[in-house]
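Undergrad: kindly return the folded structure for what I paste below:
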Amino acid sequence: MNYQTPSLRRALAADYAIGLMPLAARRRFEQLLLEDAALRVELAQWQESLASLTDTLPEQPVPDRVWKGITARIEPQVLHVPQKRPFWNWLRATAAIATLVIAVTLSRHCESRRTPTTCKSNRWHWRRSQRSKAWNCGRFRPTANRFPSG
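TA: Next up, the predicted model:
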């Protein structure tokens, strides 16, 4: 590698001053510093220009709102649980009970209409009446328009 190139020397001096060089490259650069005075001058310029970044800054007080925001983020948060609404719970329970009552009533009503009756021959016969749409006792009589076209 040609260490006499000005751009390479500037880049190496900057990397060394900042501390970005790997260990092997840093040792090689320190050997170059022992032999080359111009490279030492380049390094000194970088260290002087970067030294202003290491100066201590005056202390400034932190506003209370900032500290409150920090502590709010660090401390465990309490989950916001909405209040229970007894009206809605009552309404849900009432709707469930009403649905159950309606289902039981309808099932009993349908069962009473489907209860088979005995015919004169004491046999159970099921036939669906075309007019009442209920189950009646009787013999099955096929009709011509049993399957209406449509």
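Undergrad: tell me the centre residue of the protein?
TA: Among the residues of the chain, the one closest to the centroid is residue 79, at 16.8 Å (CA atoms, centre = their mean).
Undergrad: so that residue, which state does it fall into?
TA: coil (DSSP: H, G, I helix; E, B strand; the rest coil).
Undergrad: what's the answer for residue 3, then?
TA: Of the three states, residue 3 takes coil under three-state DSSP.
Undergrad: count the neighbours of the closest residue to it other than its chain neighbours for me.
TA: Once flanking residues are discounted, residue 3 sits nearest to residue 32: 6.0 Å by CB to CB, 6 or more residues apart in numbering. For the C-beta atoms, the positions are set from N, CA and C on the backbone; glycine is no exception. Neighbourhood size, residue 32 [other CB atoms under 10 Å]: 16.
Undergrad: quick one: residues contacting residue 32.
TA: When contacts are counted by CB atoms under 8 Å, 6 or more residues apart in numbering, residue 32 touches 3, 12, 39.
Undergrad: all good on my end, thank you.
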